[in-house]
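# Next comes the sequence, and after it the predicted model I'd like to discuss.
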Amino acid sequence: MNKLINKKKATIFLSLILFALIAFIAGKASRDTYVNSFLLAFAILAFTGIAFLSRDFFVKIKDKYGEFALRIIKELIQKINSIFMVLYGIYIILSVISLDNLYNVGSIREELSTQELIVITIYLLLGYLFLIVGRLSIDKQKKSLKLIMITGLCQIIFLIAIGENIVSILPVLVLMALGFYTKNLLFKERFIYSWEEKTVDIMLILVGFFFYILNINENKYQNLTLSLIYIILILCVFILLAKAIFSYMKKGGENLYNTNLDDLDTLIDKYGSSQSLASGLSFLNDKYIFYYIDKEGEKTVAFQYQIINNKAIVMGEPFGKEADIPLALFAFNEVCQRSGLNPIFYEVDEKFTLSLHDYGYDFMKFGENAMVDLTDFSLRGRKKSTERNILNRFAKDGYKFQLVSYPYSDEFLDKLEEISNSWLKDRKEKGFSLGFFDRDYLRRTEIAIVIDKDEEITAFTNIMPNKNPEVLTIDLMRYDQDKNVNSMMDFLFLNLFIYGKENSYKYFNLGMAPLSNVGLMKSAYLSERLAYLVYKHGSRFYSFKGLRNYKQKYASIWLPKYMAYAKGNWLLYSLLAVALVDKKTSKNNK
């Protein structure tokens, strides 16, 4: 087998690099146009030779180590080239600043002509353009190739127009050539300007602005007002240019706004939804649905999610055909990446969190899900005397538990809405991870009600339509504030436990206790330790402890739940996105 590196070819390769560098350095030092043209042609020939030798080297790598090894090397080249675009942009900006041109703008009549000021401004904007294009290239945006070529061409024309050494266009040509060579690695079809990127950019602008002001004050030609006006105008032009580019980059990607619930009914009827305790929430129609389609064209797995900024927040685990879930997860991540979205999986179990770890997700424990083991549930014995007393007292006072099935009359739903409004008072409904009062949603569910001695409904809850044969899950729990009596919710719960046991359910899902048992250990992640402080001292904003203590009366099983977020998402902004999406209760509109 041929050696991977041939000594003779390696010597030629290194010599060509050396000759190209000498030509570039000599060309930068010379002001003669003919000499520059000759040196540029020589450098281009040298780089052409380098390209041919590199091609031979890559073929050998492919033959010896396979396509995967070759792709890694090309990705490395693409990443380095993108970083050099950013560095080239920084170089341009610093080269302008180093001439004190920006610092002396306040006295342009003494220092700079109008023509010089225009040249400086264009050069500065080209530097910012290379920064933007470099970022888009690092992000592997498909459209970034066009922007690389356009920006590079503008830079070449500008350098020639202002009389720069012709050889100075060589770095631009190299950046463009390598960008074209690695174009097959660009796969993202849409760019969404994330909160994280905006934060970094704002910080950089503020730092740059701060040092700009300091340098103006130290300069002997200072005119603070004119200098500030100039830099503000430059920033405005740059922001408008960046906004136009990002608007162009935002177009494209796949349609991720599917809300077809008929397909969901079919999927759950055939394959069930036992993987996710929250699958029934998808029928609220406040979330989008992603379907995995197998080789036969059948939809076998579903994800429910919402989109905020560049974040696709998935509620719970995907559900459907168990064997297809790994393939569905891969497909969902691929679609999100192409469309410029970073997924966040909210309230997922340990097993699924570990599968996300393979995709490079970070995670934090978000709380625990309370479950009642109905196979062991009983009202017998001395320890259950309190529960028996509750049932007996309500029965004696004429209260009844009843389970009602669809169809429902308008009068019945009107009464439930009246109770719901009484329970809410002036509070706003939450959504996404919680159910809200919606008639279309309730028509899909069975409803458990409590009736008083006057045959008036005083409380209700609905059975979540997740069609899980082992786990009974409820959603809304509402009671009339004017007719509420002590332990009414306990009366409703106990009857639901009895109903679940009699109908062969194994577990009753009491729902999440947020931040419960999070960050207790000293070795826990800092984010989880901070979450523990919120749990311990945040009762003013939310009754974390109260909710945990109430559910602990009945829960016999506590299942840990996690939030997992993809690379590029900061934890703080991931938590903010979840908090914002929980406040959305409206029906989806694209």
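Nice, thanks for sending it over. Keep in mind that what you see is a predicted model, and the values were worked out from it rather than measured.

# So which helix or strand of this protein has the lowest pLDDT on average?
helix 108-111 (a mean of 47; mean pLDDT, DSSP states H and E).

# next structured bit after that one?
Later in the chain than helix 108-111, the nearest helix or strand by DSSP states H and E is helix 114-138.

# Now do the buried residues in that following helix.
For helix 114-138, a neighbour-count test (16 or more other Cβ atoms under 10 Å) marks 119-121, 123-138 as buried. For the C-beta atoms, the positions are set from N, CA and C on the backbone; glycine is no exception.

# now the angle from the following helix or strand past that helix to helix 114-138?
Toward the C-terminal end, the helix or strand that comes next after helix 114-138 (DSSP H and E) is helix 144-161. Between helix 144-161 and helix 114-138, the angle comes out at 150 degrees (axes from the mean of the first three to the mean of the last three Cα atoms, to 10 degrees).

# Distance from the helix or strand following helix 144-161 to the middle of the chain?
Counting by DSSP H and E, the element after helix 144-161 in chain order, helix or strand, is helix 170-181. Helix 170-181 sits 32 Å away from the centroid of its parent chain (Cα atoms, centre = their mean, to the nearest Å).

# who does helix 170-181 touch, helix- and strand-wise?
helix 7-29, helix 33-65, helix 67-98, helix 144-161 (3 or more Cβ pairs under 8 Å, 6 or more residues apart in numbering; DSSP states H and E).

# what's the second one packed up against?
Where contact means 3+ Cβ pairs under 8 Å, 6+ apart, helix 33-65 is packed against helix 7-29, helix 67-98, helix 170-181.

# With respect to burial, which of the ones you listed scores highest?
Comparing these by mean neighbour count (mean count of other Cβ atoms under 10 Å), helix 170-181 ranks first with a mean of 18.

# report the longest strand in this protein, please.
Assignment by DSSP state E gives strand 362-373 as the longest strand of the chain.

# Quick check: which helices or strands does that one pack against?
So strand 362-373, by 3+ Cβ pairs under 8 Å, 6+ apart, packs with strand 342-348, helix 350-357, strand 507-514, helix 526-537, strand 557-565.

# Mind checking what helix or strand follows it in sequence?
Criterion used, DSSP H and E; the element after strand 362-373 is helix 385-396.

# What residues of the very next helix or strand once past that next one count as buried?
Per DSSP H and E, helix 385-396 leads on to strand 400-404 as the next helix or strand towards the C-terminus. Under the neighbour-count criterion of 16+ other Cβ under 10 Å, strand 400-404 has 401, 404 buried.

# Now do strand 400-404: which elements does it pack against?
Under the contact rule (3+ Cβ pairs under 8 Å, 6+ apart), strand 400-404 is packed against strand 447-451, helix 488-502.

# who does the last one touch, helix- and strand-wise?
Contact analysis of helix 488-502 by 3+ Cβ pairs under 8 Å, 6+ apart lists helix 385-396, strand 400-404, strand 447-451, strand 457-463, strand 471-479, strand 507-514 as its packing neighbours.

# Contacts made by that helix with the rest, please.
Outside helix 488-502, the residues that touch it by Cβ atoms under 8 Å, 6 or more residues apart in numbering are 372, 374-375, 377, 379, 387, 390-391, 394, 399, 401, 403, 448, 450, 458-459, 461, 472, 474, 477, 479, 508, 554.

# Okay, buried residues for that helix please.
Under 16+ other Cβ under 10 Å, the buried positions of helix 488-502 are 488, 490, 491, 492, 493, 494, 495, 496, 497, 499, 500, 501.

# Low-confidence regions, the stretch 301-450 of the chain specifically.
Along the stretch 301-450 of the chain, no part satisfies pLDDT under 70.

# got it, and the stretch 451-590 of the chain?
The model of the stretch 451-590 of the chain has pLDDT under 70 over residues 516-544, 584-590.

# And the helices in the stretch 151-300 of the chain, which stretches?
With DSSP state H, counting those that start in this stretch as the criterion, the stretch 151-300 of the chain has helices at 170-181, 195-218, 224-250, 261-271.
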